[in-house]
Structure formats: C-alpha cells, structure tokens
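>>> Got a sequence here, can you build the structure:
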Amino acid sequence: MPQKSRDRAASRSLPIFALALIAWLAPATATRGGETVTIGNLTFVNQALVGVGRLPANLRDKFGETFGSGSAIAVDPKSWVRTPTGYQGTFYMLPDRGFNVTGTSDYRARVNKLFITFTPLDDPAAVPVAQRQNSVAATLTDTILLTDAAGQSLTGLDPDGIRRAANGLPDLPQASNGRVSIDSESLALLPDGGFFIGDEYGPYVYRFSPAGRLLAAIRPPDAFLPKRKGKDHFASNNPGPGGRAPEPPEPETGRANNQGFEGLTLTPPGGKFLVAALQSATRQDGGTSPATRRYSRLLYYDVADRERPRLVREYVVPLPLFESADGERRVAAQSELLALDETFFLLLCRDSGNGYGTGGATSRYRSIDLLDTSRATNIAGSRYDGTMPVAPNGKLVDGVVPATLTRYIDINETAELQKFGLHNGEPNDRNNLSEKWEGMALAPALDPANPNDYFLFVTNDNDFITQNGYQAGTPYKDASGLEVDTMILVYRITLPEQLK
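You can find the predicted model right below:
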C-alpha cells in the first residue's frame, strides 16, 4: 500500500474534527495511475486513463444547431455490452444554456443521445500517437428538446420573471419571452427513459418524460433559493438582448449566481434517493467570495414514489482548497456528483479560468474526489433550511459535522495525460485540457476476472467554442478564434466489493 493510502487509512480513525482540520490544511497532491486509496475497510483503485475521444467543436445536431457542451453525461445500463473489440452503448449528454454571448440567448434546452464505442488502451504506447485520441468514438444519434407541460421549448435566457405555481408545479423561473428558463447542468437517467435534470437558475430539479416534456419540479428549501430584497428572484445577472440586469446583481441569500445544482445522481441499487449538490456555498454560507465559498450543501430526496419526492437528508460538503497561481487560497467548486452507494460518491471539483479556450493555461485543481456522508450531521428540516447560515462568512458552526472528502483521481496528472498526447498547461493548444470538466458516468468493465472494475467516463463543457457555430437562429464565431472540442476521458477504476 502506498504511503498516502496508509495515511488515509489511519486518518479514518481520527475524530471528525481532526478529519475536518486535515482536509482544510492538506496540500493538493497528485495521484498516480494504479494508485490505491483506502478509507477504513474500503479500497478504491485508480488503475489508469485508458481512453480518449473527441466530438468536433463545429458538430451540428438534427436541428442544425451547434452540439456543444458535455455538462453532464449518463449511460443507459441496458445498452452497455462488451464486444469482440471493446465496448459499446447508448449515452445521454446534457448541454447547458448555450453559447456564451454577452448575456444569454434564447437557446432551446435539450438532451443529446450518443452511440459510443470504446476500445480500452491498456498500453497506449503500442498505438500510433495520432490514433490514441480515437479510442472513444461517439456518434450523435438524436437530440431531444426539453419543453414545458404544454410543449413549449424551455429557454436558456436569464429569467427576469416568475411563472406562478400551477398544475402541481411551483413558481418557475421565466424569461421575458414567456418561456421557462433553465440552465441545465446535471442529469440522472430513469429506467423508463425519462430524466431528472438539475438546474442553476432555480436552483430546481426537474423531471422530464423520455420525449423531453416537463412532468414535475422539485423546489428546494428556502436556504437554496436566490432572494433579492426578500423575494425569490431567479436571475443570474446575465440578461439577454434588451434585458435588464437584476438589482442587486447578486442575491442576498440562496445560491450564488451560476452556482446551482451542478451535481445530481440516483443512488444504487434501484435509485431510491435522488441526491443534488450545489456547486458551492450559498450566499449566506460564505458564497460571496472565491476564498470562503467552501461549505456547499447536499440534498437527499426519497423518490421511491416519484410523484411525491421527500427531502429526508441534508449535509454540508467541505469543498477542496487549493492555492492559486498568485498564492491566494481558493475553493475548488464541484461540477458533478456520482453515487457509488447510499453514502459514498464521486465528486468532481475544479478551478476556473485555466485551460484551452481561456487566458490561463495551467489548471491548479481538477480532481475526482471521494465524498462520504456516513457520519455527517443531517440538517434537513432544521433552522439552517431558512436563511440562518450554517457557515457564516465561510466558517462552519459548532455542532454540525460535515461530510468527508478524500482525493482520488487527479485529472491533471501529467504522466497519464501524456500517454494520450494530452497535457495540462503550456503550450495552450488543442491538446491542453479545456477549462470545464463537468460530467461523469460509470459503466461496468464486464470482466469476470475483475468483477469490481468499472470505466469512469468524464466529459468537458467546451462552452460551445467554435468558429462555425449556429444557435437560436444566428451563426456565430467565438472571439478566441479557437475550436474547442467536446472531449471524453475514460479511467479504469476498481471499487470496493462492499459498495455492491
């Protein structure tokens, strides 16, 4: 067992307050392919990066619009099979609110359906360099538009109004064109082919039919809802053409602008719980600063009866800390959540402003971490579900035990990226990882000799950056002059037998 694993195993037996202190002070050390992480009696192995694929930045969907981002990804488990040459299956990829113009556009929300074939490269050096990034091949087979209950498309426009509660739905964010606004960021696939989708504007969780029609919406506790001057106000301060900026620009309480439900997952087996995570702390919990927004929150809904979801648990999540290039302490906000069982999750956390397509070349933190809620304090239904902060100014109150976080897979690991002709940092070219890695999906290796092995698919949000784009009736060229592909990385991992 590597020294780091022994240290983690020992730390598991420490008191909770000591664990929290260690997590706060621990440096952002890198992992290595094949490294073992032990937490108590559970052993997690990151074997290696074994696959890379690209979808071209200028790809169009069946509506003639730019395909764009992988803000979330989910696999249809019924479709996943092993073939003589590798694996194949159907995946669903979620774009967010569209190309980042100045403000927002009337981009029609959608889910993209992909057919993916995958040939793991256990020894990438045995394959010509030019072919290594083709080990994952994704073909766009369909695009499903998301609509409201009446069949009207949902829009990416920043909401400046509210559609009042009706027909079993709560108050909904509404744009100036009268359509429901959604900034879709997270995705969970249901057995019947429907979807749960996590939104940044509400922040809400929406349930859609397989055809993309809105069926239900989950409104979180008041602590999560953006309020300006004491009232719900869902704008993110990105007004569309001719729209008005909100006043004040940031909510006084609730989710910060563009920091909604980035993480969403159903717990295996059977999907008893739907779990949603804020990207970072609420405004009242320190979400006013990149240095203090550490204590995010996680909600568990019992969805055994999908028509009546019940909030049953709520935990504080201590996001990772890292040091910026100028030596400042920063919080790595989370971009995706994936359940391994009822209490263990993978949490994808990252910095911002660095990578291909941005001004900065070198990312300081992109990591898939292990989140354990088993000993955290359940604050669901407590006074902290109102506007009472659980972490005023970014300091957690006494008596509330947070979940624990342990580093697992360093996406920036140089040796692993180099195997596939990729890198983190200069030169800031197309083989430098782009800024936003935001999607995760888990598929079994279907290997009888290694029944606990899985493939972890990780996708980026490319911000729709292309020189040949088309959305909302308008062609566009990104000002960067670049083509930033949608990419898929695949890691082979081994999970503990006990999580089954």
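>>> What is the neighbour count of the closest residue in space to L94 that isn't next to it in sequence?
Spatial nearest neighbour of L94, chain neighbours left out: A72 (4.0 Å); criterion: CB to CB, 6 or more residues apart in numbering. (Glycine included, C-beta is placed from N, CA and C.) Neighbourhood size, A72 [other CB atoms under 10 Å]: 32.
>>> Helix, strand, or coil at L417?
Look at L417: counting by DSSP: H, G, I helix; E, B strand; the rest coil, its state is helix.
>>> burial of it, as a residue count?
21.
>>> quick one on the thing from earlier: was I right to think the residue nearest to L94 contacts L187?
Yes. Here A72 reaches L187: they are 3.8 Å apart, a contact under CB atoms under 8 Å.
>>> Identify the residues contacting the residue nearest to L94.
M93, L94, S184, E185, S186, L187, G198, L264, E336, E438, G439, T459 (CB atoms under 8 Å, 6 or more residues apart in numbering).
>>> and what of V458?
So V458 contacts L348, I368, I411, W437, G439, M440, I488, L489, V490, Y491 (CB under 8 Å, 6+ apart).
>>> so what's it closest to, chain neighbours aside?
Spatial nearest neighbour of V458, excluding adjacent residues (CB to CB, 6+ apart): L489 at 4.6 Å.
>>> bridging residues for the one you found?
On the basis of DSSP bridges, L489 is bridged to V52, V458.
>>> That one: neighbour count?
Neighbourhood size, L489 [other CB under 10 Å]: 23.
>>> ditto for the one 4 residues further on
With neighbours defined by other CB under 10 Å, the count for I493 comes to 21.
>>> Please name the residues that touch it.
By CB under 8 Å, 6+ apart, the neighbours of I493 are F44, V45, N46, Q47, I409, D453, Y454, F455, L456.
>>> Straight-line length of stretch 363-377, end to end?
33 Å (CA to CA, to the nearest Å).
>>> for it, the distance to its chain's centre please.
Relative to its chain's centre, stretch 363-377 lies at 13 Å (CA atoms, centre = their mean, to the nearest Å).
>>> where does the stretch 1-150 of the chain have low pLDDT?
Applying pLDDT under 70 to the stretch 1-150 of the chain flags residues 1-33.
>>> any chance you could map the helices in it?
Remark: helices assigned in the stretch 1-150 of the chain by DSSP state H, counting those that start in this stretch are 3-11, 16-25, 129-132.
>>> on that earlier part again, could you dump the contacts of I493 into JSON lines with distance to G260 and neighbour count added?
Formatted as JSON lines, the contacts of I493 follow (distance: CB to CB, whole Å; neighbours: other CB atoms under 10 Å):
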{"residue": "F44", "distance to G260": "29", "neighbour count": "23"}
{"residue": "V45", "distance to G260": "33", "neighbour count": "20"}
{"residue": "N46", "distance to G260": "29", "neighbour count": "23"}
{"residue": "Q47", "distance to G260": "33", "neighbour count": "18"}
{"residue": "I409", "distance to G260": "25", "neighbour count": "25"}
{"residue": "D453", "distance to G260": "34", "neighbour count": "16"}
{"residue": "Y454", "distance to G260": "28", "neighbour count": "19"}
{"residue": "F455", "distance to G260": "28", "neighbour count": "22"}
{"residue": "L456", "distance to G260": "24", "neighbour count": "22"}
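>>> Nearest to A57 among the residues you listed?
Distances from A57 to those, taken as CB to CB, are shortest for L456 (23.8 Å).
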